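In: What follows is a predicted structure for the sequence shown.
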Amino acid sequence: MTEPNQPEFNKSKSLFSRIPHAVTMLFGIIILVAILSYLLPAGTYERIMVDGRMTVVPGSYTTITSTPIGILDMFKSVPLGFKAASEIIFIVLAGAIMFGFMERSHAVENAVGTLVKKLGLERKYLIIVIMTFIYGFLGVAVGYENNIAMVPIAAVLSLALGGDLILAAGISVGAMTVGFGLSPINPYTVGTGHKLAELPMFSGAILRSVLCFAALSVMAYYNVRYFKKISRDPSKGLGKGLDESGISLSRPIREYSVTMNNWLVISIFVAGLMLILYGVFFQGWYINELSAVFLMIAVLCGLVSRMDATTMSETVLDAVSKAAPGAFMVGYATSIKVLMEMGNIGDTISFNLSQMLNELPLYASAISMSFSQTIINFFIPSGSGQALATLPVMLPLGETLGLTRQTTILAFQIGDGVSNLINPTLGGLIAMLSMCRVTLDRWLRFILPMALMTLLLAFIGLIVAVATGYN
């Protein structure tokens, strides 16, 4: 018998509908890593400091005394994960607080409602395509977590057009992940890779740009396709039952206009984003500085909206309550990284995957190299951290196999970038999904087919790179 509150999409018998809840899924990975610490030998590469960063010494892998993870340590990794992810956890809360104040002022609702009124609902599919590319460009040019403040705007826009929060995540989180992951100027993957390979910084940009644009085009098509499906039959929407309170439009489109106070709030938000961009590109700002700016924007929005102290306090606590599940998931996912370090099996996995590539034909070795980076990405979700841990091993291996250094870096970028769409251990992904109020399990049901299409497209680009001696 079907439970009365059970969403319709759970009745589906498709493979993607069987994805477990995010909490269950991550706990399964935690148990798996603990078991692997008993099955795999502990090992480590020698590391040296290069330009202020620890880099692996090729050929230096050695086994060490095993450090299997016991029951107490397995559960201890959870609070340690929260400690390690404290900065990302707080930026989720800070971003939610900032948006809570903008929401309370009605600035975002009025701005989006007015925009849709001006453009017309008959252009809703074009709006989806344009916004997908805008968010994709933000991922390409600005970065990943730096764009977290832009995610809730997509939520309001999607609901205004008749979509749902899953579509909002596709427009914003999906496009930014694709744009950032396949960016020709990604400083964490391409930039670090080129530095390690002693290649001109961001060289080979034409092929990467074509690949990135093609992947964003597929993302835009995928979003429009999903939008059409839920427009025809809302019961097929994966967003059914998600909390839309405070972000859906409260009145008909024709009644919207932007007040002077709304313009003040929007101006404060835009000025804050400009300050963030300046800080990121010229002052080396990162998570904590972004959180501080978000809080400054929140306070200023409250002041210009003439909120009293009680209203501002209630707004903060309401925003934190809505962001708490997403913030929890960030710390929970980071516990997997902590477990890998406890068990000393991360380098072991990297070493054995590289050894498996030795006997493969040229084209198969390039694709398998990308697959191996995908696997490693679930255990080392940091792009630059993964580059420093694996590329010193993969670059000489690639040359031995007959691959150019540029092709090896492209294989690494594809393995890291595309898998970020479905990586449950990536704190930035969990954080941005929480800003859309989308749970990881529903996101995976939506994005898995898109991730497979993007991976196939990227492999075609990788084959072209091998065939042309990409350099």
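Out: Nice, I can see it.
In: Low-confidence bits of the stretch 1-150 of the chain, can you list those?
Out: Residues of the stretch 1-150 of the chain meeting the criterion pLDDT under 70: 1-17, 52-53.
In: which residue ranges form the helices in it?
Out: 22-39, 71-84, 86-104, 107-119, 124-141 (DSSP state H, counting those that start in this stretch).
In: now those in TSV, with distance to residue 154 and mean neighbour count?
Out: C-betas here are computed from N, CA, C, even on glycine. TSV is the format used below for these (distance: least, C-beta to C-beta, whole Å; neighbours: other C-beta atoms under 10 Å):
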stretch	distance to residue 154	mean neighbour count
helix 22-39	20	16
helix 71-84	28	16
helix 86-104	12	24
helix 107-119	10	19
helix 124-141	7	20
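In: Tell me which of these sits nearest to residue 348.
Out: Nearest of the helices of the stretch 1-150 of the chain to residue 348, taken as C-beta to C-beta: helix 22-39 at 8.9 Å.
In: Which neighbouring elements make contact with the closest one?
Out: Packing partners of helix 22-39 (3 or more C-beta pairs under 8 Å, 6 or more residues apart in numbering; DSSP states H and E): helix 71-84, helix 309-343, helix 440-468.
In: Mean pLDDT lowest where, among these?
Out: The minimum mean pLDDT among those belongs to helix 309-343 (a mean of 90).
In: Which positions within that one qualify as buried?
Out: Buried residues in helix 309-343, counting neighbours by 16 or more other C-beta atoms under 10 Å, are found at 312, 315-316, 318-320, 322-323, 326-340, 342-343.
In: What's the first helix or strand after it?
Out: The helix or strand immediately downstream of helix 309-343 is helix 346-356, counting by DSSP states H and E.
In: buried set for the helix or strand just after that next one?
Out: Later in the chain than helix 346-356, the nearest helix or strand by DSSP H and E is helix 362-377. Neighbour-count burial for helix 362-377 flags 365, 366, 367, 368, 369, 370, 371, 372, 373, 374, 376, 377 (criterion: 16+ other C-beta under 10 Å).
In: The second one contacts residue 464, correct?
Out: No. Using C-beta atoms under 8 Å, residue 366 is not in contact with residue 464, being 10.6 Å away.
In: Quick check: neighbours shared by these two?
Out: Counting by C-beta atoms under 8 Å, 6 or more residues apart in numbering, no residue touches both residue 366 and residue 464.
In: quick revisit: out of the helices and strands packed on helix 22-39, flag the one nearest residue 196.
Out: With C-beta to C-beta as the criterion, residue 196 lies closest to helix 440-468 of those, at 18.0 Å.
In: Run through the neighbouring helices and strands of that closest one.
Out: With contacts defined as 3+ C-beta pairs under 8 Å, 6+ apart, helix 440-468 has these neighbours: helix 22-39, helix 165-169, helix 205-232, helix 362-377, helix 405-419, helix 427-435.
In: what would those look like in JSON lines with distance to residue 288?
Out: What follows is the helices and strands packed on helix 440-468, written out as JSON lines (distance: least, C-beta to C-beta, whole Å):
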{"stretch": "helix 22-39", "distance to residue 288": "25"}
{"stretch": "helix 165-169", "distance to residue 288": "26"}
{"stretch": "helix 205-232", "distance to residue 288": "29"}
{"stretch": "helix 362-377", "distance to residue 288": "25"}
{"stretch": "helix 405-419", "distance to residue 288": "25"}
{"stretch": "helix 427-435", "distance to residue 288": "14"}
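In: right, and the ones you listed - which one's nearest residue 177?
Out: helix 427-435 (6.7 Å).
In: Mind listing residues that contact the closest one?
Out: For helix 427-435, the external contacting residues (C-beta under 8 Å, 6+ apart) are 85, 88, 91-92, 95-96, 99, 144-145, 147-148, 151-152, 155, 169, 172-173, 176-177, 323, 325-327, 329-330, 333-334, 381, 420-421, 423-424, 439-440, 443.
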